[in-house]
Structures are given as structure tokens and as C-alpha cells.
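Trainee: no sequence on this one, just coordinates:
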């Protein structure tokens, strides 16, 4: 009697085998990295030259940061999707998202503290528009900070659940 | 085929979303760089700068098309898309080289106070173009790797024989 099995598809058979899940995860994490870099570089260009002693600069820089909440949430979504779908080790992404969340929190506090001072001491052309922008920044910054901290915790807790061991044999994150 | 019948419509919609996003971004970019004047360095410099501002939605669209093709098992689409990425690498490298030359030319026409800002902006555009080159190489290579690793057996080939049971071993209690 002869045992026959379907022919195995050629290609790698180790932990690096490219499954649809793994491809999805790698794509998500790669796109998240490029989008994050794009956001950071755009932000840095927008706030240059740096004048931390200037209250108006601080308030404006914090306001600009809070306008990036939507794409940052998208980055967090891609990172979580990549980690979940591909079961990849993403401890670095957890740390990055936590750092971004903290930064957004600090920006929100800066808006809260500096916006009234900027309104009083700086000659603004449109104080009403600045006040509205500050209110929006407070709302967006708070939501963004909570969302990013939560996303970072999700990724870090996922690592803790597995004892820090890699979920997959290989990580490209 | 990787996707189940319940998820197939979702991935079909991903195709639609990806193509719609690409067309939308191309139209927005085209309208922002009109009137076309490819003969002038300033126009080329500005056009490349504006194009790099559309990278995020274009990347998402690219990812949507790749994911849809993978999960729906559309190997021909994936092969075509991978080849397009490799063509894009050559185009991006040409654009990067041209952009560097245009940046030098444009810089000479600016007042000295604007040099630093222009240099930082141009550096960002250059880095983003380089990132897109790396992305295109990586994505194209990954797609081709995936196609190779999931290649179906050639039609008409017999199944692989992996073993034959020896009757004498069965008689002695082995090989059961």
C-alpha cells in the first residue's frame, strides 16, 4: 500500500513562511512606520525655528501637534492590527505609541497653561480664532493622548501576556 | 484561496477603496501643480514637494490593493502590482536625482535668509522619496516572495509519493 499526500508548495517552511496574516502584519507595520516618520518630519518643519522661551511659539507648536491626532490614531490602528493579525513581537511599537501619547498629553497641558498667557501678552491678529483653536487643541489633545496611551498599553500588555517572549519566530517590527 | 466567503466582499471593497484613493490623490495633485511647466526648475521642485505631501494616503491605497490581492488570491494582480513597484523604483530614483539638481538651482535664486528653511524642506522631501524607494523595493520583493512561496502545483503533475509501507515491518509489529 502506498501513502500519498498532495505535493507541498515550494518555498520556505520555517517560522518565516509568508502567510497572508504575516504579509498583512508586515504591510501594516511598515506603512505605520513611514506614516509616523512623515508626520514627525512635517511637524518639525512646521515648528522651526524652535523658540521655547516664546509663549506664543509654545502654544502654537502644541496646537499644531494636536492637529495630527487623526493620522496618529491611524498609525496606532495599523500597529495594533499588525500585532494582532500577524502575532508579531511589537514591544518597540508599544513604547513608541506610549511616548507619542505622553507627548500629546504634554502638548495639551502646554496649551492649557500657555494659551491664556499668549492671548494676554502677545499681539494676535485674530484672538477669537486663536481661542477657538486652543479649545479644539485641548479636546483633540486629550482624546489623542488617551487613545495613544491606551494603544501603547495594549501592545505592551500583549507582550506581558506572553512573558516577553516573541509571539512569532521572527519579527520585522 | 485564503479568504472565506464571508470576508470576500470586504476585500473586494478594499480594491475599490485603494483605486479610488489613488485616483483621488492623483487628481488633487494634478490640480495643485497646474499649470504644467516641466521646463522650469521651480515648478519641478514645487511639484515634487507637493507630491511627497500625498504619500500617506497613497501608501494606504497601495496597502489596500496588496492586501485585497493577497486575501482574494489574485496572483495575476499581485504579479502586475509587484512589477509596477519595481518600475516605480526606477522612476523615483530619477525623480530623486532631478530633485537634488533642481534644489541646487532653486537655492541659488533665494535670499540667504531662506536658505536654511529651503534646505530643511528639501531634505525632508529627499528622505521621503528615499523612503518610498525602499518601500517600493521591499513591497515588490515581498509580493514576489509571497507568489513564489504559494505557487500552486503544476497541472497534470502526479502527487508526491512520500513513503511506502513495508509489509514485513507490519508483521513484526512495527510501522503500524
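Mentor: That came in fine, so what should we check first? Bear in mind the structure is a predicted one, so any value in this text is a computation, not a measurement.

Trainee: rest of the way, CA atoms for contacts and neighbours
Mentor: Fine.

Trainee: ok, now which ones touch residue A:150?
Mentor: residue A:98 (C-alpha atoms under 8 Å, 6 or more residues apart in numbering or on different chains).

Trainee: tell me how far it lies from chain B.
Mentor: Using C-alpha to the nearest C-alpha, to the nearest Å, residue A:150 is found at 23 Å from chain B.

Trainee: I'd guess that residue is in a helix, am I close?
Mentor: Yes: according to DSSP: H, G, I helix; E, B strand; the rest coil, residue A:150 belongs to a helix.

Trainee: quick one: mean pLDDT for stretch A:44-61?
Mentor: Confidence for stretch A:44-61, expressed as mean pLDDT, is 87.

Trainee: how many residues are close by the closest residue to chain A within chain B?
Mentor: Nearest residue of chain B to chain A, counting by C-alpha to the nearest C-alpha: residue B:149, 4.2 Å away. Counted by other C-alpha atoms under 10 Å in any protein chain shown, the residues lying close to residue B:149 total 17.

Trainee: my guess is it contacts residue A:20. True?
Mentor: No: contact criterion C-alpha atoms under 8 Å: residue B:149 and residue A:20 do not qualify, at 11.1 Å.

Trainee: what comes up buried for stretch A:91-106?
Mentor: By 16 or more other C-alpha atoms under 10 Å in any protein chain shown, the buried positions in stretch A:91-106 come out as A:91, A:93-106.

Trainee: er, stretch A:28-45 actually
Mentor: Neighbour-count burial for stretch A:28-45 [16+ other C-alpha under 10 Å]: A:28-36, A:38-39, A:41, A:43.

Trainee: between those residues, which is nearest chain B?
Mentor: Of all the buried residues of stretch A:28-45, chain B sits closest to residue A:35, with 5.7 Å by C-alpha to the nearest C-alpha.

Trainee: show me where pLDDT drops low in the chain?
Mentor: No chain specified, so I'll use chain A. Within chain A, the stretches with pLDDT under 70 are A:1-17, A:122-125, A:158-173.

Trainee: actually chain B
Mentor: The model of chain B has pLDDT under 70 over residues B:1-4, B:155-176.

Trainee: how about a cut-off of 90?
Mentor: Counting by pLDDT under 90, the ranges of chain B that qualify are B:1-15, B:34-39, B:73, B:107-118, B:146, B:148-176.

Trainee: would you map the strands across it?
Mentor: Assigned by DSSP state E, chain B shows strands spanning B:161-164.

Trainee: ok, which of the buried residues of stretch A:91-106 also contact chain B?
Mentor: Cross-checking these against chain B (C-alpha under 8 Å from any C-alpha of the partner chain) gives no overlapping residues.

Trainee: need the max-distance pair from those residues.
Mentor: Spatial extent of the buried residues of stretch A:91-106 (C-alpha to C-alpha) is set by the pair A:91 and A:106 at 22.8 Å.

Trainee: ok, residue A:45 touching residue B:121?
Mentor: Yes: at 6.9 Å, residue A:45 counts as touching residue B:121 under the criterion of C-alpha under 8 Å.

Trainee: stretch A:106-120: which residues count as buried?
Mentor: Going by neighbour count (16+ other C-alpha under 10 Å), the buried part of stretch A:106-120 is A:106, A:107, A:108, A:109, A:110, A:111, A:112, A:114, A:115, A:116, A:118, A:119.

Trainee: which parts of chain A are strands?
Mentor: A:2-4.

Trainee: that one: helices as residue ranges?
Mentor: Listed in chain order, the helices of chain A (DSSP state H) span A:20-47, A:55-66, A:69-86, A:91-121, A:127-161.

Trainee: for residue B:141, which of these is the nearest?
Mentor: Residue B:141 lies closest to helix A:20-47 among the helices of chain A, at 11.7 Å (C-alpha to C-alpha).

Trainee: that closest one and chain B in contact?
Mentor: Yes: residues of helix A:20-47 contacting chain B under C-alpha under 8 Å from any C-alpha: A:20, A:23, A:24, A:27, A:28, A:31, A:34, A:35, A:38, A:41, A:42, A:45.

Trainee: show me the contact partners of stretch A:111-122.
Mentor: With C-alpha under 8 Å, 6+ apart, stretch A:111-122 has contacts from A:55, A:56, A:58, A:59, A:62, A:63, A:127, A:130, A:131, A:134, A:137, A:138.

Trainee: got a list of what the third one touches?
Mentor: Residue A:58 makes contact with A:51, A:52, A:110, A:111, A:114, according to C-alpha under 8 Å, 6+ apart.

Trainee: gap between it and residue A:43?
Mentor: Distance of residue A:58 to residue A:43, given as C-alpha to C-alpha, to the nearest Å: 13 Å.

Trainee: isn't residue A:27 up against residue B:63?
Mentor: Yes: between residue A:27 and residue B:63 there is a contact at 6.6 Å, judged by C-alpha under 8 Å.

Trainee: looking at those two, which is more packed in?
Mentor: Neighbour count, other C-alpha under 10 Å: between residue A:27 and residue B:63, residue A:27 has more, with 26 against 21.

Trainee: give me every residue that touches that one.
Mentor: Applying C-alpha under 8 Å, 6+ apart to residue A:27 gives the contacts A:82, B:63, B:139.

Trainee: which one of these is nearest to residue B:85?
Mentor: Here the nearest of those to residue B:85, counting by C-alpha to C-alpha, is residue B:139; it sits at 7.4 Å.

Trainee: surely the closest one touches residue B:83?
Mentor: No: proximity of residue B:139 to residue B:83 does not meet the contact threshold set by C-alpha under 8 Å, at 10.2 Å.
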